[in-house]
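In: Sharing a model that was predicted from the sequence below.
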Amino acid sequence: MRSTSAARPWRLSLLAMLSILLWWALAVRFAYDGYWNALYCTGGKVRMPEWLESREPLYRVTGPVGYDGQWFHVLAHRPLESRESAPYMDAPRLRVQRILLPLAAWLLAFGQFEWVDPAYFTLMLVSLGAGVWWTARLAELRGASPLWGPAFLLLPSSLSSIDRMLSDGPLVAAAAGLFYFAETGKWRAAWTVAALAPFIRESGLLLTAAGCAVFLWQRRWRLAALWACAPAAFFVWLHSIRDLPPDFELAWKAPFASAIRLILQPTEYSFAPWLRRGLQGLDLASHAGFFAAILLGLALLWQRRLELASPRSVGWTTGVLFAAAAALLSGFEIRYAWDDFYSYGRVFSPIFLVLLLEGLERRRPALPAALLALVAARMGLQFASPAWRILRGLTGL
């Protein structure tokens, strides 16, 4: 890919946001009966607060349990009343600790009920657009075309956030921003991102850990101590919500137990045999791509061990830490982040971002792009049903 004047990062970012907004508008119009809150993926049998349903009739998906976006919907409307909303959440402490995006939406809406959803969607758009911009700039810093920037939207975290209003996309956008600030010497901005990231999702703590590890390796003790203080506010927040019902309980099973079970116990899709086997084959391809990404992520630190003085080492270390976390969590039950292709891909998306940037730097992006494509292709099928309904609505089929 070669850079062109029309491919400047800000234009790519704007185009990405407009494309996402267009997709949402078409999906709401033709697939979700005009309900914008359908984007939160509220389960058909999930109990929601009366104060929410009385003022905002909810679109219910056909599945009984829905997905995580439904809890962010509740929190965004009343972020300061999380204890009152806790009975409606599956894991209240886990959901409430991810308060930044819902709280920011409420503040942007000035607490006005009818403005909260548009504010939330706006923040999601801006964060994903920022992820595209930062990825494009990081590509330019490596001598590659900024046209690689929209690859950010193919990350499982981005796809899931577009599809179900999850926090994973904004977190990986924050990771891209941190990498950019570190590489351009804007360390105050990088520290601020590291301090805020855990409030988006607790795995943002790994961004802080990466910075600490790099500065410890470089024997820059003062900076290491400063970065160790970055998540202090988040830990205070965790302490303040300690009385909420606990999160999922994890029990050690065996090394890679959950990952192995994904392969040995494929999902039994309720479709015709040929389609079920096809989906299971795509699942296996997604698993293979992700397992390979983990191995490459773990190998990255060894490959770059003599270059840890570089500002880019924060990015490499982040990739290693997320790969190590993926490998470690695969040994626990319940599977949690290893439920299916949709779960592990979005939770550990920073691995793909780091590998892609590494490939651009080495002028060999084909392998990381291929591994990402295996996971993104399977996740992309989640868009097939609304896409078909959009097509029917536009063409009158």
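Out: Okay, I see it. Residues are numbered from 1 along each chain as shown.

In: contacts and neighbour counts: CA atoms only from here.
Out: Noted.

In: those helices in the stretch 251-397 of the chain, which residues are they?
Out: Listed in chain order, the helices found in the stretch 251-397 of the chain under DSSP state H, counting those that start in this stretch are 257-264, 273-303, 313-329, 341-347, 350-361, 366-380, 384-395.

In: buried stuff in the longest one?
Out: It stands for helix 273-303. Using 16 or more other Cα atoms under 10 Å as the burial criterion, the residues of helix 273-303 that qualify are 277, 279-280, 282-291, 293-294, 296-298, 300-301.

In: For Val74, which of the helices of the stretch 251-397 of the chain is the nearest?
Out: The stretch from the helices of the stretch 251-397 of the chain with the least distance to Val74 (Cα to Cα) is helix 341-347; that distance is 21.5 Å.

In: For that closest one, which outside residues touch it?
Out: Helix 341-347 is touched from outside by 155-158, 160, 168-169, 283, 286-287, 290, 326, 336-338, 375, 378-379, with contacts defined as Cα atoms under 8 Å, 6 or more residues apart in numbering.

In: rerun at 7 Å
Out: Surrounding helix 341-347, the residues in contact under the criterion Cα atoms under 7 Å, 6 or more residues apart in numbering are 156-157, 160, 168, 283, 286-287, 337-338, 375, 379.

In: from those, which has minimum pLDDT?
Out: Checked by pLDDT, the contacts of helix 341-347 have Ala337 as the lowest-scoring entry (78).

In: OK, contacts around that one?
Out: For Ala337, the contact set (Cα under 7 Å, 6+ apart) comprises 343-344, 347.

In: Next up, the contacts around Val46.
Out: Taking Cα under 7 Å, 6+ apart, we find Val46 in contact with 64-65.

In: Look at it and tell me its secondary structure.
Out: coil (DSSP: H, G, I helix; E, B strand; the rest coil).

In: got it, and the one 5 residues further on?
Out: At Trp51, secondary structure determined by three-state DSSP is helix.

In: number of nearby residues for it?
Out: The local packing count at Trp51 equals 9, with neighbours defined by other Cα atoms under 10 Å.

In: residue ranges of the strands in the chain, please?
Out: Remark: strands of the chain, listed N- to C-terminal, are 251-252, 332-333; assignment by DSSP state E.

In: Report all helices and strands that the first one contacts.
Out: For strand 251-252, the packing partners by 3 or more Cα pairs under 7 Å, 6 or more residues apart in numbering; DSSP states H and E come out as strand 332-333.

In: can you list contacts of the strand it packs on?
Out: In contact with strand 332-333 (Cα under 7 Å, 6+ apart) are residues 250-253, 257-258.

In: Quick one: mean pLDDT for that strand?
Out: 82.

In: what lines up beside that strand in the sheet?
Out: For strand 332-333, the pairing partners within the sheet under DSSP bridges are strand 251-252 (antiparallel).

In: so how far is the partner strand off the chain centroid?
Out: Relative to the centre of its chain, strand 251-252 is centred 25 Å away, using Cα atoms, centre = their mean, to the nearest Å.

In: And for stretch 296-310?
Out: Between the mean C-alpha location of stretch 296-310 and the chain-wide mean there is a distance of 24 Å, by Cα atoms, centre = their mean.

In: ok, the residue nearest to the spatial centre of the chain to Val347 distance?
Out: For the chain, the residue sitting closest to the mean C-alpha position, by Cα atoms, centre = their mean, is Asp168 at 1.9 Å. For Asp168, the distance to Val347 equals 6 Å [Cα to Cα, to the nearest Å].

In: Find residues that contact each of the two.
Out: By the contact definition Cα under 7 Å, 6+ apart, Asp168 and Val347 are jointly contacted by Ser157.

In: most neighbours per residue, which of the strands of the chain?
Out: strand 332-333 (a mean of 20; mean count of other Cα atoms under 10 Å).

In: how about low-confidence regions in the chain?
Out: Along the chain, segments meeting pLDDT under 70 span 1-7, 334-336.

In: Now Arg276. Nearest residue, chain neighbours left out?
Out: By the measure of Cα to Cα, 6 or more residues apart in numbering, the closest residue to Arg276 outside its immediate chain neighbours is Tyr269, 5.5 Å from it.

In: Kindly report the same for Tyr67.
Out: Nearest-residue entry for Tyr67: Cys41, 5.7 Å, with adjacent residues in sequence omitted and distances by Cα to Cα, 6+ apart.

In: Could you pull up phi and psi at that neighbour?
Out: Its backbone dihedrals place Cys41 at phi 60, psi 60, with angles given as degrees, to the nearest 10.

In: from what I can see it touches His73, true?
Out: No. Using Cα atoms under 7 Å as the test, Cys41 is too far from His73 to be in contact (9.6 Å).

In: Which members of the contacts of strand 332-333 define the maximum pairwise distance?
Out: Taking Cα to Cα, no two of the contacts of strand 332-333 sit farther apart than Leu250 and Ala257, at 12.7 Å.

In: So those two - more neighbours on which side?
Out: Neighbours were counted for Leu250 and for Ala257 using other Cα under 10 Å; Ala257 has more, 17 against 13.

In: What's the separation between the more buried one and Met165?
Out: Remark: distance between Ala257 and Met165 (Cα to Cα) = 29 Å.

In: on that earlier part again, dump the helices of the stretch 251-397 of the chain to CSV, plus distance to Ile99.
Out: What follows is those, written out as CSV (distance: least, Cα to Cα, whole Å):
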stretch, distance to Ile99
helix 257-264, 28
helix 273-303, 29
helix 313-329, 22
helix 341-347, 17
helix 350-361, 21
helix 366-380, 26
helix 384-395, 29
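
In: Let me know which of those helices is the nearest to Thr192.
Out: When the helices of the stretch 251-397 of the chain are compared for distance to Thr192 using Cα to Cα, the nearest one is helix 313-329, at 14.7 Å.

In: Show me the contact partners of the closest one.
Out: Counting by Cα under 7 Å, 6+ apart, residues outside helix 313-329 touching it are 179, 206-207, 210-211, 214, 256, 294, 297-298, 300-301, 348, 350-351, 354.
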